[in-house]
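S.K.: model the following, please.
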Amino acid sequence: MIIVYGLKNCDTCRKALKWLAAEGMEHTFHDLRKVGVEAATVADWSKAVGWEVLLNKRGTTWRGLEDAVKNETNESNVSALMAQHPALIKRPVFDAGGRIIVGFKDEQRQELVRA
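M.R.: This next block holds a predicted model:
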């Protein structure tokens with residue numbers, strides 16, 4: 001069972017869910033904004049893929065943070081920041097049997113097929 005973490009209104013998350021269904025891959029969706037996510041879970045993802053990979057710096061949430069917060073963001077505090085602001089998490093995040101995959105490009109799709 002693949003758990004897909006993302007946002008309901010995220011186009012990439014919707015594409016991923018549609019693709020998983022078309023591939024017949026059993027999955028469930030976890031809406032980060034509605035349900036939330038624990039900082040410890042985000043920390044585990046960061047350990048698996050690297051916090052720089054997991055942090056979404058392209059969105060309006062990141063741009064809206066104060067410069068001081070952005071400048072002080074590091075490995076020790078980023079998990080709490082992402083748990084507080086789920087839109088800072090690059091999406092989607094797949095938990096495929098404990099294997100964490102971030103994003104939905106060809107490379108990630110191939111990893112999901114192998115998972």
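S.K.: who touches the residue nearest the centre of the chain in this structure?
M.R.: Nearest to the mean C-alpha position of the chain, by Cα atoms, centre = their mean, lies Val93 at 3.5 Å. By Cβ atoms under 8 Å, 6 or more residues apart in numbering, Val93 lies in contact with Val4, Tyr5, Gly6, Trp45, Leu54, Ile100, Ile101, Val102. C-beta: built from backbone N, CA, C; applies to glycine.
S.K.: would the second one count as being in a strand?
M.R.: Yes: when classified by DSSP: H, G, I helix; E, B strand; the rest coil, Tyr5 is found to be part of a strand.
S.K.: what's the burial count for it?
M.R.: Residues within reach of Tyr5, counting by other Cβ atoms under 10 Å, total 23.
S.K.: also Lys90?
M.R.: When neighbours are defined as other Cβ under 10 Å, Lys90 has 21 of them.
S.K.: now swap in Lys70 and tell me
M.R.: Neighbourhood size, Lys70 [other Cβ under 10 Å]: 13.
S.K.: and the closest residue to it other than its chain neighbours, which of the three is it?
M.R.: In space, and not counting its chain neighbours, Lys70 is closest to Trp62: 7.1 Å by Cβ to Cβ, 6 or more residues apart in numbering. The three-state label given to Trp62 by three-state DSSP is helix.
S.K.: with Ile101 instead?
M.R.: Classification of Ile101 using three-state DSSP returns strand.
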